[in-house]
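*Asks:* Sequence plus the predicted model coming up.
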Amino acid sequence: MNRQSSLSRRDPPLRSGFFTRFRLSWAIWFLVGVHAVVVLAGFIAPYSFETQEREHPFAPPTRLHFVDCAGKFHFRPFVYVTKAAENALDQYQQDCSQPAGIEFFPKGDRYTILGTFSSTRHLFGVPAPTNLFLMGTDGFGRDQFSRLLYGGQVSLFAGFVAAAFSAFTGLLLGGIAGMYGGRVDDVAMRFAEIFITIPWFYLLIAVRAFLPLQISPVTAFLLVVSVIGIVGWSRPARLVRGVILSARERNFVLAARGFGASNAYLLRRHLMPLTFRVLLTQMAVLIPQFILAEVILSFLGLGIGEPFPSWGNMLAQAQQYHVLVSYWWMLLPGLAPVPVFLAYHSLAETLQERIKSNF
Amino acid sequence: MRLRRLLFLYAALLPLLAGLQAIAQEDLLRTTSEPGIRGGKLVIAQRSEPRTLNPILTVDQNSLGVLGRMMGDLIHINRATQKSEPALAKSWTVSKDGTVFTLKLRRGIRFSDGQPFDADDVLFTFKVYLDEQVHSLQHDLLVISGKSVKVEKLDVYSVRFTFPSPYSAAERVFDGLAILPRHLLEKDYQAGKIGQDWPLNTPPAQIAGLGAFRLKQVIPGDRIVLERNPYYWKVDAKGQRLPYLDELTFVVVPTQDAQVIRFQAGDSQIISSLSADNYAALEAEQKARHFKLYDAGPGLEYNFLLFNLNDDLEGRLPEIARKQKWFRDVRFRQAISAAIDRAGIVRLVYRNRAAALATHVSPGNRAWFNSAIPVPIRSLPHARELLTAAGFSWKSDNTLVDPTGQPVEFSIVVSSSNAQRNQIATLVQADLKALGIGAHVVPVEGRSASDRVLNTHDYEAVVMGLVSGDADPTPDMNVLLSNGQTHLWHMDEKTPATPWEAELDQLMAKQLGTINYQQRKKIYDRVQEILAQQLPMIYLASPNILVGAQENLGNFHPAIIEQYTFWNADELFWHPPAGKQ
Amino acid sequence: MIRYLARRAAHGLLMLFGVSVLMFLLFQTAPGDFLSEIKVSTQISPETIATLRAQYGLDQPLPVRYWQWLKSSARGDFGYSFAYNTPASTLLLPRARNTLLLSIPALLISWLIAVPLGVLAAGWKSRWADRLFSGGTSTLLALPDVLIALLALLIALKTGIFPVGGMTSINAQDQNTWAYVRDLGWHMLLPVAAMVIGSLTMILRHVRASVSEVLESSYMRAAEGHGLPRFKLLFGYALPAAANPLISLFGLSVAMLLSVSLLIEVVMSWPGIGPLLLESILARDLFVVIGAVMLSTVFLIAGNLLGDVLLYAFDPRIRRQA
């Protein structure tokens, strides 16, 4: 099959590098941007993820004003103090007498970036007693916007680690299956099929309940995520096996064998590099799947522990009837993964096309 | 000729007379509630369906809800007054020393299949319950301090119960103990198969009971339909035989949110337990959807923070054993208690529909609550004082360290399926952080959590809750006694580990044998004082019982003892819609 | 052909065996069993609990339990549900039927929409239509199933048009058959719609990708050049040529019939096999869990087998090979 026929007609041919590079770069730049924002969550978020404003449970998103109650226009956006109404715990009223402009680089809760850099300066905020809840608060009065950013750290990182584990295990087992072929291959592939059938969340409940209590919730969560990744080894394994099986018969491999190369050498020097590209593409497919797995896990209550947020456990609160009906801002964490998935998807598509055209 | 005619008349009338005599001779119970109107159906949603219809094997509230409507008991606790009253036993006398109960049964009563009821059924029932081979779940209720209750038949309608020692809660034991039909079950009992009888798919004709309703239909996984028992032995003030309802249906709706949705849509007409959040969400719709919500006040559930005080951890779980040094110091526990924002819990988790607790007894338990004990108010300075006195100190970054310099941190286990307890744990965690303690919440699947607390003791702290079986103190003995089944903070204790636990044992044993209410109250007040001071469990809050029903449901009197909404199902009726007569 | 099928069937049985062993082993790892909850709630003595444990066979070693289960499964008895006190099969089968009530219509509707739409989309000349199509399907694909389910529930709650949750109204049993079917259909609407949205886009993209690849080939271009009408070109020639991967995908869809609807069933309280599985896992109801997993494995194998058979029947190249 010639090169051209393997391309989809409406997508510009790869030779015109501009479009593909453009498409590739929007996805990559977007992902880099998202991850950067999420890593800098401490700085960008006006509050910490665990600060509880117990006087403001389920507060709606704070309204930004340019025009005050008297009708005057200000250049700097400002907010009003909100107070809970007398008997209704979640009805809030604005108090026109106390405006507060948004400040830039104010002092706030202490945070640490990447465990090394610590500070109290945030990107923006408002002075007490006003609050700036850009996405409202949850039942404990915790700012959802800040939690969304911190939650991104958990969900996105979960996807990475799980996909990495998956790819690594798949590489190992698929490589062995493809290399040695025959019975080993058969057994490995049957084993892989079995793993696809098992309800993976049962495995997770078991692991979760079994974990020692002394480890921090972050460590516990990482362990659980690694388990997801290890259980998901079958698809990468299949891919790697396919690549190795077909590559095994290639001339350069036969030649190397003729020169006395051992299996290990062949694997390391020739076959593995071939798989990397495939694995990279597979990672771009796997990462969003595993982010989704983390979201579902947390949604079912098996994810990272309180008070650490993740997009999944934030969305889980919306499952409750009263939240679903009365507090629409609690559904926003469900939309957060959408642009990320779109970017990964686009990335995966481009990578796949590249591979098809180069093979 | 006339004689023959007279004889003929007499012969014809005889069965009629006999029948009339039978009805006239029925010892019916006259109720005093508002007389209602016959007819209509009621649908109630439950979390899950009963696992079986066999009273011997049922222990969970869902099963008891259904079976309790089909079966009758001798003496019943009126959920509204929280006192015992006559049921199948129309009267009884108690001996001076409180050990012998002589019950007079109602005459002429019949089971739901028409067969007569008498003392033989009672005897059979208790024989089954007390039989060790049967392993009924009611067995332990009838064994006081290791000895069984003795049951004797005095005549066709009299039974004598002899308790091995004076037992203050004796009358209340009978509540919920279903009387089994001898004519249906004796054969299987003698063959040793009674434990397998009456699974869910039993044909209705094979089940009979003395309750207000009898089984009509079961659709597994979906619903159980009960119909009126025509032989029910209660009549109202107007002489109408109860129950008023033609049909009572229990539907399976697994989550509370789904139950709320069904209730709102009118699919079910009663909702038996609402979280405060759902209550608030439904409040706005009351007028439009024609239902009413009720807040029955604090119930008998108590939620608490429990520290692991078991002593079998050395060598097995050294990390936890190390931290127990802190947990065992009463000042540490008191400091934790002083640091917790109970008002915040009541407001945020329960929307002010709960009561903060000082002991496990909630203010809803009117007869036994010790109002002299103050509920702890959050005070960080007081907590710091206590901790300093216990040898703790703070580092420059406000982390709490123990006398040896180790930072104080521990995990709090909570059942992942209970939203309220998870919320409580989160609030507690934030409160402890203000004190410099690093606590992290570990939601664990429900059964695994119970397993850790009861069996493996592999936990440091846990937020959980218990529901007292009854307003009476006696069911709580399982928790309070050192060798109790659910002596949670120190399971399998051979002898009391501390002087105050020894005092608790003594006091509880004493109240068990004290018949006079005033004296018992004094003893139990002292028990509560000890608990409030020593804090084996740090008691947090007791949620109110929140329920709802369609507004034209008559005789709806929610109670704080199960079954909250339909304990008087035999008296519930439908008012006709306004304007129709 | 028969030998091929026989080989696949044997392979399927081996899979079933492997899955059952793995499930039994997994069950051993999580602590706690069905009886731990009873201990907390009432005054039950340890002796009673121990006896109940023996009665349910929970204290026997794992291999013994497994062997007994294997023996009884061969007879058609899939074990006993501790939680419901009834044979596992009486629980599983009605629930599986309810799940299929959702997933089969969803499957059919998705494929019936996706195939024509995908073929048409492959044939579009306009670049902008393509971009719109790509963008639209990507966005729909990126929406988490969880969010779709929650939104469906929200729509039902807010508008009040659709019944919210459950399979039938309470009094449905009393009505005549036609009213019952209508009631059922009304309840099925939202869950099926949510499932179709979830799976449609994936199938759509695969159809389009497959068909557009075929459209590139020279013989297709030649046919186009010869003036073959568009419709006949797309559906009469391109689609059959592109069918192979689609048939495998269809087999895969059939294989997933029992498992794909779990989240929807949980969120919308549809009494399918999903909620039963979740509940049984939490209740540590060993035999029900294994039975449910076995059932979905059977579907998995059957689905793949169906895909293979269809391929065999449809593609002469494969028939010649095998």
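*Replies:* Thanks, I have the structure now.

*Asks:* Now do the SS call for B:Leu103.
*Replies:* For B:Leu103, the assignment made with DSSP: H, G, I helix; E, B strand; the rest coil gives strand.

*Asks:* same check, this time on C:Trp270
*Replies:* coil.

*Asks:* If I follow the layout properly, it ends up in contact with C:Leu102?
*Replies:* Yes: at 6.4 Å, C:Trp270 counts as touching C:Leu102 under the criterion of CB atoms under 8 Å. Yep, even glycine has a C-beta here, placed from its N, CA and C like the rest.

*Asks:* Give me the common contacts of the two.
*Replies:* By CB atoms under 8 Å, 6 or more residues apart in numbering or on different chains, C:Trp270 and C:Leu102 have these common neighbours: C:191, C:261, C:264.

*Asks:* All the helices of the stretch 151-300 of chain A, residue numbers only.
*Replies:* A:182-197, A:200-210, A:217-231, A:234-248, A:251-258, A:263-266, A:272-299 (DSSP state H, counting those that start in this stretch).

*Asks:* Would you mind telling me which of these is nearest B:Phe163?
*Replies:* Nearest of these to B:Phe163, taken as CB to CB: helix A:200-210 at 42.8 Å.

*Asks:* Can you spell out the domain ranges of chain C, please?
*Replies:* C:2-75, C:93-321 (automatic domain parsing).

*Asks:* go on, chain A?
*Replies:* Taken from automatic domain parsing, chain A resolves into A:47-142, A:150-358.

*Asks:* Columns mean pLDDT and distance to B:Val149 on top of the ones you listed, output as TSV?
*Replies:* Below are the domains of chain A laid out as TSV (pLDDT from 0 to 100; distance: least, CB to CB, whole Å):
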stretch	mean pLDDT	distance to B:Val149
domain A:47-142	80	49
domain A:150-358	79	40
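
*Asks:* nearest to chain C, of those?
*Replies:* Chain C lies closest to domain A:150-358 among those, at 3.6 Å (CB to the nearest CB).

*Asks:* Any chance of a markdown table for the shared contacts of C:Trp270 and C:Leu102, columns distance to chain A?
*Replies:* A markdown table is the format used below for those (distance: CB to the nearest CB, whole Å):
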| residue | distance to chain A |
| --- | --- |
| C:Pro191 | 16 |
| C:Ser261 | 13 |
| C:Ile264 | 12 |
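
*Asks:* Just the buried ones from these?
*Replies:* C:191, C:261, C:264 (16 or more other CB atoms under 10 Å in any protein chain shown).

*Asks:* dump the residue contacts of B:Leu28.
*Replies:* So B:Leu28 contacts B:106, B:233-235, B:241 (CB under 8 Å, 6+ apart).

*Asks:* By pLDDT, give me the weakest of the shared contacts of C:Trp270 and C:Leu102.
*Replies:* Note: of the shared contacts of C:Trp270 and C:Leu102, the lowest pLDDT belongs to C:Ser261, at 81.

*Asks:* just checking, that residue touches C:Pro191?
*Replies:* Yes: using CB under 8 Å, C:Ser261 is in contact with C:Pro191, at 7.5 Å.

*Asks:* Could you pull out the residues contacting both of those two?
*Replies:* C:102, C:270.

*Asks:* which of the shared contacts of C:Trp270 and C:Leu102 lies closest to B:Lys395?
*Replies:* Among the shared contacts of C:Trp270 and C:Leu102, and counting by CB to CB, the member closest to B:Lys395 is C:Ile264, at 50.9 Å.

*Asks:* these two touch, right, the closest one and C:Asp145?
*Replies:* Yes: if you go by CB under 8 Å, C:Ile264 and C:Asp145 touch, sitting 7.5 Å apart.

*Asks:* Overlap of the contact sets of the two?
*Replies:* Between them, C:Ile264 and C:Asp145 share the contacting residues C:Gly198, judged by CB under 8 Å, 6+ apart.

*Asks:* who's in contact with the residue nearest to A:Pro99 when sequence neighbours are not counted?
*Replies:* Among residues not flanking A:Pro99 along the chain, A:Phe78 sits closest, at 4.9 Å (CB to CB, 6 or more residues apart in numbering or on different chains). Applying CB under 8 Å, 6+ apart, we find A:Phe78 in contact with A:64-65, A:68, A:99-102.

*Asks:* Then C:Ala243?
*Replies:* C:Ala243 makes contact with C:210, C:314-315, according to CB under 8 Å, 6+ apart.

*Asks:* Let's check: the centremost residue of the chain is which one?
*Replies:* Using chain A. A:Leu156 (2.2 Å; CA atoms, centre = their mean).

*Asks:* The intended chain is chain C.
*Replies:* Short answer for chain C (CA atoms, centre = their mean): C:Leu257, at 2.4 Å.
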